[in-house]
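> Make a model of this:
(2 chains)
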Amino acid sequence: MKIQLEQIDLLQPWPTLKLKPGYRAMNVLVRMGDAPVGEIMARPVRKRILTHRRLKRRIARKLSYEIIQHLTREAMSAGPAELTRNTNVSRGLRLAGKDWFFTKRFVHDEVLDPAGLREPFRTWVTQGQSRTTFACPPVTVVVCTRDRAQQLEGCIKNLLALDYPNYEILICDNSEDHIPTFDVCERLGVDYVREPIAGLSRARNRALKTARTRWVAFTDDDCRPEKNWLKELVRPLQDSRCRAVCGLVRAAQLENSAEITFEIYGGLGRGYYEQWYDKTWLDSSKTKTPPTWHIGAGANMLVDRHLVLKLGGYDIDMGPGGVGGCGEDTLVFFQILKQNFSIHYQPGALVHHYHRSSDRALRKHIHSYAVGHAAYLWHLIFRYAEYRAAIRLFAHLPHWFIKSWRHGVRAKTPYPHNLVWEELAGTLKGPVQYTIFKARRALNALLHQARGLQSAGKRPAPTMRYGVTEKPAQPPHDDNSQKLPRVA
Amino acid sequence: MNLSAFVAEIDLSQPLADIHPRPHHRAVWSLVKFNRQPLGWIKIPRARFGRTLTPDIQRSAISEKLSLHIIDACNNRSFEDLASPHTPGISVVVCTREHPDQLQRQLRSLAKLDYPNFEILVVDNAPRTTRTRAVCDKFPSVRYTLEPRKGLDYARNAGWQAATKEIVAYTDDDATVDPHWLSALADNYREADVECVTGCTFPMELETEAQELFEKYGGMQRGFARRKYRPGTWNDFFPLGSGRFGAGVNLSLRRSTLQRLGGFDPALDCGSIARGGGDLDIMARVITTGGSLIYEPRALVWHQHRVTMDALRQQMFDYGWGFVSYVIKQSRDLEMGNRAMKMLRRWTRFWGINRFKENLKLAICLREHFPLHLIVLEVAGGILGLAAYERSVRKVHSDTRRYKERGIHKAAA
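Prediction:
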């Protein structure tokens, strides 16, 4: 099955949306200027054309509140003069506290228009988007890559076109054969650093140590960031306690069942609403593990370099290259929240991600996600004495597996039941593998000590740096006057 | 746990500015206004902004909560000021008893009123010291009146009897008023059938747990929509639900109406045995005797809620007590008596038992809940206060006789 991905901008005249041959449905990302508002699914049958009439009705039905939200927000940014200058007066109309129907009808009749947004809403949005200002600190964009020079090239090209005043790009190469990646970087003129030992966490730590700015944005080589990605990603930094920001990840294509299944599995996007998390969120439930994996994905995040390095960086035993395919970024989120800092989710920062496109790769991917997730929970249990993680691992997850398997078998959900087995196997494997990894590391350290080596458990890694000018280590400056507590 | 919140005001007709809550505040509660029209509250947790609440965050929080209200305000042009204001004379009556500091704060805010035609009367109720008098002397435009008999409704009656203007607006000493308060109230008296106008009352501060809990209880807010209650529009819960009309802290009436009704019932409200219900009673009487009542959200008063938990407990108990006294008074009416008692049983069931059950469930699940003992206290106040109104009436009679014999009343007047 293939799903066609389309975008429409409500400010511009709508294009004719035609379902191409071979596609079954259409997923339309609705945006207002740069800002994504939401998405709708449609399956046009007649002539395979999604008529403007139907599109308008569908948008009004699904996204009317989001649209009104964006409109008022931009109107407030545009200023009081714009807000009070309403030429399109429908007197006596009340939407608040009334039936939802009236809001939908208002959006359908008076806001949406296939020729672009109606006035004065159009002016609200254009004025508002041009008048919004916030500080843009210098950012290093890091792409950790491993043997995917071609995909990396596309990613770097998008990064070079970013609309941001002061940013630099750093490619952290984790490849076995570094020549093609290096060639790409040299050709496109971006900074390059090599991490010879395989592992995403190691690569990220290397990048964090190499970067020169406080804020480091991570994305993947299979991602295509939008032009305003970075600008939106730093927007929540107005929160003086914010130390990490995550953004929206949308599928770049849904060309086969593996990609679609990954979206059904949960995908990497976290919706079209701003979210924020802090310690109170972490402590909000007595039985439920705080779902730090819901905060965002490592494919689209911004972190404070100094804080993450102070926390010990990404755990090199977790994540791809360690145990499982995830868990290292969720662990860092957990630690950041534990330190009483906050994390924001900003849907305006949008990247398009190419999912795994073969069934085999997807299977492996989901398996490794399950391994990583279980290892993460295991880590929480033993490192932070999180009894809630134990509840999840031993009660909630088994219950969820049984439920989703039964639903899959009875075809109540499109999520394939045989993937549940992969998840179950991964969940069983995770804690075991994590324990083995940690035990091995401890044993190595002991052996090294016994042999009288100074750097126990720490091999000096040979590094190669190209393009990165050496700079003396700066003391981390904190724009907040708060002192960081020491990490155990 | 520290539950304090910073109370702020955002006006959409002005460019937004940074808000700096103090470090101990856990959240910002901001009233969003569009010129004079209040649109609603937004509550922004500290997690969302850190140190300074910037306009960008304010805008996204407002649009999440109040976007429909803003669209309504734009469509109906409710942010516009009136072209030709209606300005009848208004006497502002502040009844006070031994709160000189709070009274001074209130008088300062009254001095900033933008209304052309008003006078300020302070009624000092059964004073023990001369401190209130001293405060009033600092403000030359304030008229001081003494009411020796203890009781808020005695003081209110003394207020309207001493007033010289067409309309009497009551407020309390533990509140402050918005500069546009009177102009918003006055405009509703354009219509001749309107006899009573009430306004919106917001928390002045939310520094302690008690104040936060009082807001959670319902506070004194009655919504953000203007509403006119005509005689006959309010009968489904009569005599319950009189609280939806407003509260005594922000209440105005025509003086002619007060004359017609014989003023407030001195057997009710603070200082009497009945401990409350005087404002409910007068609003109910206005409606039942054929007048209309308007709830006007543009008329803003900021009230300082009880600071300590002990005071809040006392207040909850008195609320139950006073409310029941008011219902008992209504039940003396031959026509409505049985209905009032039936409604009282219903109040006990819904407001006491059901609410207690819901919060008990939340408490068992370790979820956030309204303190159960406050619910119990309110209902207990209601049960214990069943006989209070009779006693109160008897006391008022004997007091009146005594005062007449001694001639103190005349001396005071």
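
> Mind listing what's buried along stretch A:154-166?
A:154, A:155, A:156, A:158, A:159, A:162, A:164 (16 or more other Cβ atoms under 10 Å in any protein chain shown). The C-beta positions use only the backbone N, C-alpha and C, and glycine is treated the same way.

> Just the ones of those in strands?
Using DSSP state E, no member of the buried residues of stretch A:154-166 falls within strands.

> Now render the residues you listed as TSV, adding distance to chain B and pLDDT.
Formatted as TSV, the buried residues of stretch A:154-166 follow (distance: Cβ to the nearest Cβ, whole Å; pLDDT from 0 to 100):
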residue	distance to chain B	pLDDT
A:154	32	94
A:155	29	94
A:156	30	95
A:158	26	94
A:159	25	95
A:162	20	93
A:164	17	92
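
> Nearest to residue A:61 among the residues you listed?
Residue A:61 has its nearest neighbour among the buried residues of stretch A:154-166 in residue A:158, at 33.1 Å by Cβ to Cβ.

> circling back to that earlier point, would you check which pair of the buried residues of stretch A:154-166 lies furthest apart?
The farthest-apart pair in those, when distances are taken by Cβ to Cβ, is A:154 and A:164, at 18.7 Å.

> quick one: contacts for residue 44?
This is for chain A. A:17, A:19, A:26, A:50, A:51, A:54 (Cβ atoms under 8 Å, 6 or more residues apart in numbering or on different chains).

> wait, I meant chain B there
Applying Cβ under 8 Å, 6+ apart, the residues near residue B:44 are B:27, B:28, B:30, B:53, B:57, B:58, B:61.

> redo that, cut-off 6 Å
B:28, B:61 (Cβ atoms under 6 Å, 6 or more residues apart in numbering or on different chains).

> residues in the stretch 301-450 of chain A within reach of chain B, list them.
Within the stretch 301-450 of chain A, the positions near chain B by Cβ under 6 Å from any Cβ of the partner chain are residue A:342.

> how many neighbours does the closest residue to chain B within the stretch 301-450 of chain A have?
Nearest to chain B, among the residues of the stretch 301-450 of chain A, is residue A:342, at 4.9 Å (Cβ to the nearest Cβ). As a burial measure, residue A:342 scores 26 neighbours (other Cβ atoms under 10 Å in any protein chain shown).

> From residue A:108, how far off is the closest residue to it other than its chain neighbours?
What sits nearest to residue A:342 in space, not counting adjacent residues and going by Cβ to Cβ, 6 or more residues apart in numbering or on different chains, is residue A:278, at 4.1 Å. Per Cβ to Cβ, to the nearest Å, residue A:278 is found 38 Å from residue A:108.

> Which one of the two is surrounded by more residues?
When residue A:278 and residue A:108 are compared for neighbours, residue A:278 comes out ahead with 22 against 15, by other Cβ under 10 Å.

> was I right about that one contacting residue B:47?
Yes. Contact criterion Cβ atoms under 6 Å: residue A:278 and residue B:47 qualify, at 3.5 Å.

> what is in contact with the two at once?
Both residue A:278 and residue B:47 are contacted by residue A:342, under the criterion Cβ under 6 Å, 6+ apart.

> Tell me the buried residues within the contacts of residue A:44.
Among the contacts of residue A:44, those classed as buried by neighbour count (16+ other Cβ under 10 Å) are A:17, A:19, A:26, A:50.

> Is it possible to get the residues you listed out as CSV so that each row also shows pLDDT and secondary structure?
Converted to CSV, the buried ones among the contacts of residue A:44 look like this (pLDDT from 0 to 100; DSSP: H, G, I helix; E, B strand; the rest coil):
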residue, pLDDT, secondary structure
A:17, 93, strand
A:19, 94, coil
A:26, 95, strand
A:50, 93, strand
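
> residue ranges for the strands of the stretch 251-400 of chain A, please.
Ranges of strands in the stretch 251-400 of chain A, per DSSP state E, counting those that start in this stretch, are A:275-277, A:300-304, A:342-353.

> Parallel or antiparallel, which strands does the second one pair with?
It refers to strand A:300-304. strand A:215-220 (antiparallel), strand A:242-251 (antiparallel) (DSSP bridges).

> Neighbours of the closest residue to chain A within the stretch 151-300 of chain B, how many?
Among all residues of the stretch 151-300 of chain B, residue B:225 sits closest to chain A, at 7.6 Å; criterion: Cβ to the nearest Cβ. For residue B:225, the count of nearby residues is 12 (other Cβ under 10 Å).

> Next one: it relative to residue B:40, how far apart?
10 Å.

> same question, residue A:156
From residue A:156 over to residue B:40 the distance is 47 Å, taken as Cβ to Cβ.

> What residues sit buried inside stretch B:373-381?
Buried residues in stretch B:373-381 (16+ other Cβ under 10 Å): B:374, B:375, B:377, B:378, B:379, B:380, B:381.

> Name the surrounding residues that touch it.
Under Cβ under 6 Å, 6+ apart, the answer for stretch B:373-381 is B:313, B:316, B:317, B:319, B:320, B:321, B:352, B:355, B:356.

> Wait, the residue of the stretch 301-450 of chain A closest to chain B touches residue A:243, no?
No. Look at residue A:342 against residue A:243 with Cβ under 6 Å: they stay out of range, at 7.2 Å.
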